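Trainee: can't give you the sequence, but here's the structure:
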Ligand code: HEM
């Protein structure tokens, strides 16, 4: 989330708060002091909360860092008040396990914010921000069925093709390693192309006159800004301009998705082409407009709004997260040349004298050091540092404290990944720490939670892991990745920028020197493999 202070609405809100509600705060405290004290004992301790805004100001700058610092003072679960909402930040693996396993069902709701209804599709239409409901279960099932091992195998060619396109683009646009490039724009483009292909069998970005992945970035940007009214309902009138912006982005996304769907319906009506993609899988469940999903004869029937909601969530959930993980990976490898060398050596040994081919899916499991590198990147740079916020549906006890129903819950995966009590030399990038250890990133180990855990854990995990592995491996295999003149490993910047995801503050710039003759980069992946 970018700074609240930059938002003019926030300044107006603050002034209004002091003028309108100051008296109310004083009188409320005078009347209810003893009751509040009793509640304060049960609720986890945390910093002093301002009248009305509570601790909202703490969301301003890298909140996962702020909450980790607070946990060093107040303990593994920090009690907060964001506007009128109680909130907790969970900063230890033991308590993360309680939230994501013991009380998985209690904490499986998402915040009931107007922001999400306006920006995404309302009334349980999607997955990520949809509350726990039978609709959410169906949507999630449809999404995960796209990523079974069998489906992944069938789609391997698409992934390799996009990796191959990435390598070609890099060779071309870096003038064969003579010109420096920012790896961010290349991996973002690759990820966007892959997800568009997953959606509609072709990797074209442009639909309905817009660049859809670019629009998705705008959706993410808007999702970073909580509406004031979601936290302080009585000030919701201040959201007028924000809501206008949010609705404008939503309407643009809706126009593009409508165009994509209409085009597919037209195509399938007039030809016998059988598509095998997300769009087709969703449209095959579309209910007749005259029926409702309940009285439809189609299994797992969906309304048009649900079809759009699921598409938006898959694109918003997948494109940026995957690209960002790869970018962090390249940055950490540049900063740690010995890890880069060891990774290269591992691949060279695996390929033996058949080096002029791409690394393929079958190779990934044999590359054990690569797996360690991916875990280490995910430990230090979980791209959603506090997962996706949860909201408790009933009262429960956590770490000896009482957590009321309706508490916003942040599981601080970033803080847990850097916890000295769990990790030796926690701030150092040392992939070796995972060697011969049974620590996975698939949600069973609560000290490493880049994809979350439990019933709300990432629905795209298999494809994400595959893409991160294939891309990193092939970048290292196909290029001698060097730093531009004047830079050294020590100067590679690994600071974060504020945002809903752990964005890199400074783009990672490289000189990619091709390791193979030019023909290699032009060969289609099937031939290369
Ligand atoms: C490296 C890449 C990725 C990372 C690090 C990541 C991480 C996450 C995290 C932390 C969550 C929230 C989990 C929780 O609340 O416990 C999440 C949810 C989700 N992710 Fe991912 N994700 C990635 C890629 C993807 C991809 C490729 C897709 C889709 C194809 C995807 C689809 C989703 C969906 C639909 C949800 C919502 C699940 C629900 O609420 O039931 N993600 N992801």
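Mentor: Yep, that arrived. Fair warning: this is a prediction, and the values are worked out from it, not measured in the lab. Numbers count the residues shown, from 1 in each chain.
Trainee: Show me the contact partners of stretch 414-434.
Mentor: With contact meaning C-beta atoms under 8 Å, 6 or more residues apart in numbering, stretch 414-434 is reached by 64-65, 67-68, 71, 91-93, 96, 332, 335-336, 339, 369, 371-373, 375-376, 378-380, 382, 385-386, 446-450, 502. C-beta: built from backbone N, CA, C; applies to glycine.
Trainee: same thing but 6 Å
Mentor: 64, 68, 91, 93, 96, 332, 336, 339, 372-373, 375-376, 379, 382, 385, 447 (C-beta atoms under 6 Å, 6 or more residues apart in numbering).
Trainee: Could you do stretch 180-191 as well?
Mentor: With C-beta under 6 Å, 6+ apart as the test, stretch 180-191 has contacts from 162, 166, 169-170, 174, 319, 322-323, 326-327, 330, 484, 507-511.
Trainee: where does residue 110 fall, phi/psi-wise?
Mentor: Main-chain torsions, residue 110, degrees, to the nearest 10: phi -100, psi 160.
Trainee: Show the model's pLDDT score for residue 37.
Mentor: At residue 37, the model reports a pLDDT of 43.
Trainee: likewise residue 262?
Mentor: 92.
Trainee: Quick one: classify it as helix, strand or coil.
Mentor: Three-state assignment for residue 262 (DSSP: H, G, I helix; E, B strand; the rest coil): helix.
Trainee: Could you report the distance from it to residue 274?
Mentor: The gap separating residue 262 from residue 274 is 19 Å, by C-beta to C-beta, to the nearest Å.
Trainee: okay, the two: which has more neighbours?
Mentor: The neighbour comparison of residue 262 against residue 274 (other C-beta atoms under 10 Å) goes to residue 262, with 11 against 7.
Trainee: So the more buried one versus residue 269, what's the distance?
Mentor: 11 Å.
Trainee: Repeat that for residue 126.
Mentor: 27 Å.
Trainee: which one of these two has more residues nearby?
Mentor: Ranked by neighbour count (other C-beta under 10 Å), residue 126 and residue 269 place residue 126 first, with 27 against 7.
Trainee: roughly how far out does stretch 162-181 sit from the chain middle?
Mentor: 26 Å (C-alpha atoms, centre = their mean, to the nearest Å).
Trainee: actually stretch 124-143, sorry about that
Mentor: Between the centre of stretch 124-143 and the centre of its chain there are 17 Å (C-alpha atoms, centre = their mean).
Trainee: And stretch 194-204, by the same measure?
Mentor: Distance of stretch 194-204 from the chain centroid (C-alpha atoms, centre = their mean) equals 19 Å.
Trainee: buried ones in that stretch?
Mentor: Residues of stretch 194-204 classed as buried: 194-201, 203 (neighbour count, 16 or more other C-beta atoms under 10 Å).
Trainee: now stretch 58-65, how far from the centre of its chain.
Mentor: Centroid displacement of stretch 58-65 relative to its chain, using C-alpha atoms, centre = their mean, is 17 Å.
Trainee: wait, does that stretch contact the ligand?
Mentor: No: applying C-beta under 6 Å from any ligand atom, one finds stretch 58-65 out of contact with the ligand, separated by at least 12.1 Å.
Trainee: Repeat that for stretch 499-516.
Mentor: No: if you take C-beta under 6 Å from any ligand atom as the test, stretch 499-516 misses the ligand, and the best it gets is 8.6 Å.
Trainee: Run through who's touching that stretch.
Mentor: 170-171, 174, 176-177, 180, 182-184, 223-224, 324, 327, 330-331, 356, 381, 383-385, 478-482, 484, 493, 495-497.
Trainee: What residues of the helix or strand where residue 463 lies count as buried?
Mentor: If you go by DSSP states H and E, residue 463 is part of helix 461-478. Buried residues in helix 461-478, counted by 16+ other C-beta under 10 Å: 461-478.
Trainee: again with stretch 321-340
Mentor: If you call a residue buried by 16+ other C-beta under 10 Å, then stretch 321-340 has these buried ones: 321-336, 339-340.
Trainee: what comes into contact with that stretch?
Mentor: 183-184, 187-188, 191, 377, 381, 383, 429, 431, 464, 467-468, 471-472, 489, 492, 494, 501, 504, 508.
Trainee: In ChimeraX, how would I select just the buried ones from those residues?
Mentor: The buried residues among the contacts of stretch 321-340 can be selected in ChimeraX (16+ other C-beta under 10 Å) with this line:
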select :183,184,187,188,191,377,381,383,429,431,464,467,468,471,472,492,494,501,504,508
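Trainee: Can you pick out the ones from the contacts of stretch 321-340 that are in strands?
Mentor: residue 504 (DSSP state E).
Trainee: can you list the residues of the stretch 251-400 of the chain near the ligand?
Mentor: Counting by C-beta under 6 Å from any ligand atom, the stretch 251-400 of the chain comes close to the ligand at 313-314, 317-318, 321-322, 325, 383-384, 387-388.
Trainee: got JSON lines for these, with distance to residue 307 and pLDDT too?
Mentor: Shown next, in JSON lines, are these (distance: C-beta to C-beta, whole Å; pLDDT from 0 to 100):
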{"residue": "313", "distance to residue 307": "11", "pLDDT": "95"}
{"residue": "314", "distance to residue 307": "11", "pLDDT": "95"}
{"residue": "317", "distance to residue 307": "16", "pLDDT": "93"}
{"residue": "318", "distance to residue 307": "17", "pLDDT": "93"}
{"residue": "321", "distance to residue 307": "22", "pLDDT": "95"}
{"residue": "322", "distance to residue 307": "23", "pLDDT": "96"}
{"residue": "325", "distance to residue 307": "28", "pLDDT": "97"}
{"residue": "383", "distance to residue 307": "27", "pLDDT": "96"}
{"residue": "384", "distance to residue 307": "25", "pLDDT": "96"}
{"residue": "387", "distance to residue 307": "26", "pLDDT": "97"}
{"residue": "388", "distance to residue 307": "22", "pLDDT": "95"}
